[in-house]
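Chemist: Generate coordinates for the sequence data below:
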Amino acid sequence: MAIKRRYMWALSVAPVLLIGIWFKPLSLAYHWVSLTQLHQSPDLPSLHLDQYQVSIEAKPLTGIQQNLSGLTYNDHTNTLMGVTNRPTQAVEMSLAGDVLRIIPLHNASDIEGITHIQGSEYVVVSERKNKAYWIDITPDTQSVNVSHATKHPMNMSAFDNLGLEGASWDDRSQTLYVVQEKWPMSIMTLNQNPDIGQAQWRPQYSTALFMSDLSSISISSLTSSLLLLSDESAVIAEYSMTGELLGMLPLWRGQHGLQHKVPQPEGVALSPEGDIFIVSEPNLFYRFERKGAAG
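Modeler: Model (predicted):
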């Protein structure tokens, strides 16, 4: 009987442990509470995510049926660009979430992330092929053949569906940042200087990546800080370039003016003024602005 009781106890506890490992609720709560007591150094500028309010919530993106993933801001066109992986295409949209055009990406597979480099140059990342592709999308581009693009293997994931999920370009250091979804969650950098090459970005301590997955990344031109978006945890976390946790923006009902939790957030981008844009699979658009600026 004692053995049977121990067996039944193990069966009852196992699901709780699995949930804890998968969603990391205790770690998330710990970091959230810690931020309320954070005394930030003046040498570490941040976006102050606690001051943001949603100004556009859950706006459907017309013409996008499914699989919207990845988002970036283009300062030359003052527009946003996202991607879908089935069908594989780029989606240009206004800062108000209006779809402006849809651009097929031929000979591409499982594109999950996109970032603007300069002018008409973008990088898209393929989760299944574990590669980054340099492509051009001009105002006149009607389609892109990715097989003609310059490509670079990232050597990150051994899992077809848990690999590259997002990318962001840091213009100051001329470095591409790419996130891997999980197992393990990681952020890799690719510098155009061949002497630097590919490296791994890490937070300052081992538990700082408290989210259960990573779905997107965006680097602020205002603060040079990193925004990491988690789909499963439904949260944005801001880090300094040196790996210090600076802030958190939960995408939950009742937080930051949200009427409902953001379902499956897959892409995040920033404007030069610090506005935050999120796309949610399959086709929802969100915009967050600092309190007092919204509206």
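Chemist: mind checking how far the nearest residue to Asn107 once chain neighbours are set aside is from Ser126?
Modeler: Nearest residue to Asn107 in three dimensions, chain neighbours excluded: Ser147, at 4.0 Å (Cβ to Cβ, 6 or more residues apart in numbering). Every residue, glycine included, has its C-beta placed from N, CA and C. Note on Ser147: its distance to Ser126, by Cβ to Cβ, to the nearest Å, is 12 Å.
Chemist: next one: Ser120
Modeler: 20 Å.
Chemist: Compare the two (neighbour count), which wins?
Modeler: Just comparing Ser120 and Ser126: by other Cβ atoms under 10 Å the higher neighbour count belongs to Ser126, 22 against 16.
Chemist: how about that one, what does it touch?
Modeler: By Cβ atoms under 8 Å, 6 or more residues apart in numbering, the contact list for Ser126 reads Ala108, Ser109, Asp110, Ile111, Glu112, Ala132, Tyr133, Leu164.
Chemist: Tell me the spacing between the second one and Glu127.
Modeler: When distances are taken as Cβ to Cβ, Ser109 and Glu127 turn out to be 9 Å apart.
Chemist: Compare neighbour counts for the two and give me the winner.
Modeler: Counted by other Cβ under 10 Å, Ser109 and Glu127 do not tie: Glu127 has more neighbours, with 25 against 14.
Chemist: so the more buried one touches Asp110, yeah?
Modeler: Yes. Using Cβ atoms under 8 Å, Glu127 is in contact with Asp110, at 4.7 Å.
Chemist: what do those two both touch?
Modeler: Counting by Cβ under 8 Å, 6+ apart, the shared contacts of Glu127 and Asp110 are Asn85.
Chemist: returning to that earlier point: and the residue nearest to Asn107, how many neighbours does it have?
Modeler: Ser147 has 10 nearby residues by other Cβ under 10 Å.
Chemist: if I look at the residue nearest the centre of the chain, how far off is Ser168?
Modeler: When Cα atoms, centre = their mean is applied to the chain, the residue found nearest the centroid is Ser216 (1.4 Å). Using Cβ to Cβ, Ser216 is found at 8 Å from Ser168.
Chemist: quick one on the thing from earlier: tell me how far the residue nearest to the centre of the chain lies from Ile187.
Modeler: Ser216 is 11 Å from Ile187, where distance means Cβ to Cβ.
Chemist: Show the pLDDT at Trp32.
Modeler: According to the prediction, Trp32 has pLDDT 50.
Chemist: From His148, how far off is the residue nearest to the centre of the chain?
Modeler: Counting by Cβ to Cβ, the gap from Ser216 to His148 is 26 Å.
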